[in-house]
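> need a 3D model of the following:
(chains A and B)
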Amino acid sequence: MRLTVNGTVIEIDADPDMPLLWALRDLAGIKGPKFGCGIAACGACTVLIDGQPARSCSLPVGGVEGEVTTIEGISSDGVLHPVQQAWLDEQVAQCGYCQTGQIMSAVALLDEIAEPTDAQIDDAMGGNLCRCGTYPRIRAAIKKAAALKLARA
Amino acid sequence: MASIGKIARRTFLIGAAAIAGGIAVGYYYYRRPYPNPLEGELAEGEATFNPFVKIAADNTITVIAPRAEMGQGIATSLAALVAEELDVPLEAVTVEHGPASWAYFNTAMFAEGGPFAFYDEGMMAEMARGAMGGLGKLLGLQGTGGSSSIRDGFDKMREAGAATRAMLLAAAAARLSAPVAELTTRDATIRHDPSGRSVTYGDVAAAAATMDAPASVTLKDRKDWKILGKAQKRVDMYAKVTGAPIFGIDVDLPDMLYGTVRMSPRFGAKAIRSDATKAEKMPGVVKVVPIDTTYGAGFGVIATNTWAAFRAAEAIDVEWGPAGYPADSAAIASALRDALASGSGSALRDDGDVDTAFADGPRERIIEADYEVPYLAHACMEPMNATARLKDGILDVWSPNQMPTLTRQLCAGLAGLEQDQVKVHTTYMGGGFGRRGEMDFSMYATLLARETDGRPVKVTWTREEDTTHDVYRPAAAGRFSARLGDDGMPLAIDMRIAAPSIVASVLRRTFPSLTPVGPDKTISEGSHDQPYSVPNYRVSAIPADISIPVGFWRSVGNSYNGFFHECFLDEIAAAGKVDPVDMRRKLMAGYPAAVAVVDKVAAMARWGEPLAPGRAKGFAFTLSFGAWVGEVVQVADTPSGIRIEKMWIAADVGTAIDPGIIEAQLISGAVYGLSSALGQEITFADGVVEQSNFHDYDALRIAQCPEFEVAILENFHRMGGVGEIATPPAPPALANAVFALTGKRARRLPLARDFAFA
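Numbers count the residues shown, from 1 in each chain, chains lettered A, B, ... in the order given. A predicted model of the protein is given here:
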């Protein structure tokens, strides 16, 4: 089975029913997407498929069409993605476990809406659970990332 | 090592008042330092000075921060303490958790284990603190909990940095033939300005490490701090924003197998009939093995990938034995009520003469209320997991855990090894909250590693397994009464609180041969130890005999006693027609630190100023883990339900090491408390937990999260904890705000049972 992940075509030997998350983590060794719930309820496993956020824990790998982007694929040449840079500047993460999913959802949000309102942030990030309660800093970081992204464009 | 076992049997009484003679008998043993575990593990060119510092010839400085990093920022702050005294920037330091070792014992975790309030500085309380703290060292218990890491490390880590710097200076003085007094340090370099010569720390590290550690060191005055007291960039932030594989669940080893467990959903019960034939034939499955431990019985599945293991675990056909405890939530509630009604219990506070005060009181001046809270799960974002390898007589356990030395001890027992044949590698943790102070996940990985011919096996639990096999925050019930005086202030308060004992439950699964002694103060902590003066004031803790596993959940007993105590005080204020904040100011008058916190948060929240219609505020205060915390919640009535709009927190932590991290922890603790108050409950049917995943055991989402304003105070002369302190006042501040909004008193949690939230 072939998958395009972070711009590279990879060959994996997986049962087509295996969720994309486990194919990435256990077979392809890509550990950025995290296992949190297995039922698309927490968002820790969020990846992008053709730019759209998807919960990889509930997506059979055999049904994946399109290019998969994980957190490992959003920065290039050692330059952090504006969302990652904003997360670093705002010191968002605590335990950090949900943050790769949060960051991927935020990347997708800013690709769609350059300067989201609070309500749009709440809408886009509602599927990403954080048990450490980093939400206030997530909000601040998304706004900072929006500004960084516009400045870089 | 047998001696440790014997000592443990004599003295392992967390939370109990009685302390056996181990401290006095073992004084010389207690004074003797444990060996440095870094000796013998050094890389080429590395030198070690004490269990906390390594310096390599290339000037790489490694600090061991031997506490669980589960989000609270402890790796950063412990390293900052060393860096400050070593006179190097925090960015110049590499931080590692280090091995499991008795050298990393935690004194502060035990110091407040006695039944004394934090503000009690009498001789008995101080003696108990010294003895309980000594117990931590005597047992060599390396652990993270009780919001104790900074209190434990504040002197220890700074002294490690200062002693290392002194040894480096002495070696540099010899190398440069210059007196120490003429040397200065900066950026890991030692300069001799008169000659213009310099050496790096790395240049002299090997020579310095052979010198004797100084008998005493002088620590910097606070005014000279360059790092401490200021917000630092966390040492783990870059890894966490780039998705680096730093968690237990990310462990990847050559030739590794994958696994999971399916344990009896009825605690303590075993399979009475099972058939794993179908499971074993599924693709990717290596084998299914029975598991039987003090934590529970069931099956482990070993496979070539995690998903295959999950599917096979589900396919095991099994019938489980019956529950040995009240099997549903109604029966549990009834057991708690029975305990309340019984005459037993320990009055951990008994001021004045409560019985006489009530006997004399006119009926109309007496108020009574019954409260209850449910069991709660920790719900760490990273499900329980561990990886183990048993090869050539050595067991390696990669474990996201809060108790490395106990993990080593119990896993060694299961593998039939001595403790020095077991290596525990503590990883970063995707949340802990007390759940990862348990050993079950490491023990299960160890048992599966016995079945893989030396191959490592990573054992990951499903979310469903995690939710249904927690050690829960106890369910609890309270019966409270108060007699009001003519001024509306309380003349007498009587609180009876029933809950299963956490200490007894922990001992059953870790040291089943031990019996707890004395009252379990966790039952009523947060109620019996608050800085209020009431003429007649009694708080009794009553253990309820329910054997469902319970454990340490962020802020432990304070998590529900904050709700009990502060909502009941709010009821007293309402009945006495006194402003609840003014009432507390009067009751706290003997405790200036408490009054200052209340004044601060009231000013921040503009308490008492008129609000727009459809809005209301609630207040609560809890002293826990040595920190004084006041919180105000503002709620609004909206068409979609009650919305939590804003929250103000003022916390006195004595000395604030990193205000950025403390602010994050205060918000984190409050959100954790609000999540529980809004909708969380673990219920039982037929002896089995009814909730299984985030669809029926959810937490606050971003849209529900209020705006926060935080103030950090440093008035009290002793340092407090941080990680748990904002949790206890959050549920009562919210419940009191809901009362102010609706006129309906919330006496049980979660609030979503009785109120609609947006």
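
> element containing the closest residue to A:Thr46 other than its chain neighbours, please.
Using Cβ to Cβ, 6 or more residues apart in numbering or on different chains and skipping residues adjacent in sequence, the residue nearest A:Thr46 is A:Gly101, 3.9 Å away. Using the backbone N, CA and C atoms, a C-beta is placed for each residue, glycine as well. In this assignment (DSSP states H and E), A:Gly101 forms part of helix A:99-112.

> buried stuff in that helix?
Buried residues in helix A:99-112, counted by 16 or more other Cβ atoms under 10 Å in any protein chain shown: A:Gln99, A:Thr100, A:Gly101, A:Gln102, A:Ile103, A:Met104, A:Ser105, A:Ala106, A:Val107, A:Ala108, A:Leu109, A:Leu110.

> please apply the same query to stretch B:221-230.
Buried residues in stretch B:221-230, counted by 16+ other Cβ under 10 Å: B:Ile227, B:Leu228, B:Gly229.

> B:Arg222 is in contact with the last one, correct?
If I follow you right, that is B:Gly229. Yes. Using Cβ atoms under 8 Å, B:Gly229 is in contact with B:Arg222, at 7.1 Å.

> returning to what we had before: give me the subset of the buried residues of stretch B:221-230 touching chain A.
Near chain A, judged by Cβ under 8 Å from any Cβ of the partner chain, there are no entries from the buried residues of stretch B:221-230.

> please identify which of the residues you listed is nearest to chain A.
Nearest to chain A among the buried residues of stretch B:221-230: B:Ile227, at 15.5 Å, using Cβ to the nearest Cβ.

> from B:Ser216, how far out is the closest one?
Taking Cβ to Cβ, to the nearest Å as the measure, B:Ile227 falls 23 Å from B:Ser216.

> what's the answer for A:Gln52, then?
With distances taken as Cβ to Cβ, A:Gln52 is found 63 Å from B:Ser216.

> the more surrounded of the two?
Neighbour totals were compared for A:Gln52 and B:Ser216, and A:Gln52 leads with 12 against 9 (other Cβ atoms under 10 Å in any protein chain shown).

> if I pick the more buried one, what's in contact with it?
If you count contacts by Cβ atoms under 8 Å, 6 or more residues apart in numbering or on different chains, A:Gln52 has them with A:Ala108.

> what's opposite it in the beta bridge?
A:Gln52 has these beta-bridge partners by DSSP bridges: A:Ile49.

> B:Val261 now?
Counting by DSSP bridges, B:Val261 is bridged to B:Gly300.

> okay, now it: neighbour count?
When neighbours are defined as other Cβ under 10 Å, B:Val261 has 26 of them.

> ok, now B:Lys586?
By the criterion of other Cβ under 10 Å, B:Lys586 has 13 neighbours.

> mind checking the SS state of it?
Here B:Lys586 is recorded as helix under DSSP: H, G, I helix; E, B strand; the rest coil.

> ok, now which ones touch it?
Counting by Cβ under 8 Å, 6+ apart, B:Lys586 touches B:Met489.

> likewise for A:Lys34?
A:Ala44, A:Cys45, A:Tyr97, A:Cys98, A:Thr100, A:Gly101, B:Phe247, B:Ile249, B:Met381, B:Glu382, B:Gly430.

> now, these that are in helices?
Mapping the contacts of A:Lys34 onto helices (DSSP state H) picks out A:Thr100, A:Gly101.

> can you redo the contacts of A:Lys34 as CSV with pLDDT and distance to B:Met132?
Output for these, formatted as CSV (pLDDT from 0 to 100; distance: Cβ to Cβ, whole Å):
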residue, pLDDT, distance to B:Met132
A:Ala44, 98, 39
A:Cys45, 98, 43
A:Tyr97, 98, 33
A:Cys98, 98, 36
A:Thr100, 98, 41
A:Gly101, 98, 41
B:Phe247, 98, 33
B:Ile249, 98, 35
B:Met381, 98, 33
B:Glu382, 98, 31
B:Gly430, 98, 31
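
> quick one: the contacts of A:Lys34 as TSV, columns for distance to A:Asp15 too.
Supplementary listing: those in TSV, determined by distance: Cβ to Cβ, whole Å:
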residue	distance to A:Asp15
A:Ala44	22
A:Cys45	18
A:Tyr97	26
A:Cys98	27
A:Thr100	25
A:Gly101	24
B:Phe247	25
B:Ile249	21
B:Met381	27
B:Glu382	25
B:Gly430	27
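
> did I read that right, B:Val597 in a helix?
Yes. Under three-state DSSP, B:Val597 sits within a helix.

> near it, how many other residues are there?
The tally of other residues near B:Val597 (other Cβ under 10 Å) stands at 28.

> please report how far it lies from chain A.
To chain A, B:Val597 is 21 Å away according to Cβ to the nearest Cβ, to the nearest Å.

> let me see the contact set for that residue.
Residues counted as contacts of B:Val597 (Cβ under 8 Å, 6+ apart) are B:Phe621, B:Trp628, B:Val629, B:Gly630, B:Ala650, B:Ala651, B:Asp652, B:Leu713.

> what does the model give it for pLDDT?
B:Val597 is assigned a predicted lDDT (pLDDT) of 98.

> cool, and the one 10 residues further on?
Here, the pLDDT recorded for B:Trp607 equals 98.

> does the closest residue to it other than its chain neighbours sit in a helix or strand, and which one?
The spatially closest residue to B:Trp607, leaving aside those adjacent along the chain, is B:Val581, at 5.4 Å (Cβ to Cβ, 6+ apart). Taking DSSP H and E as the criterion, B:Val581 maps to helix B:580-587.
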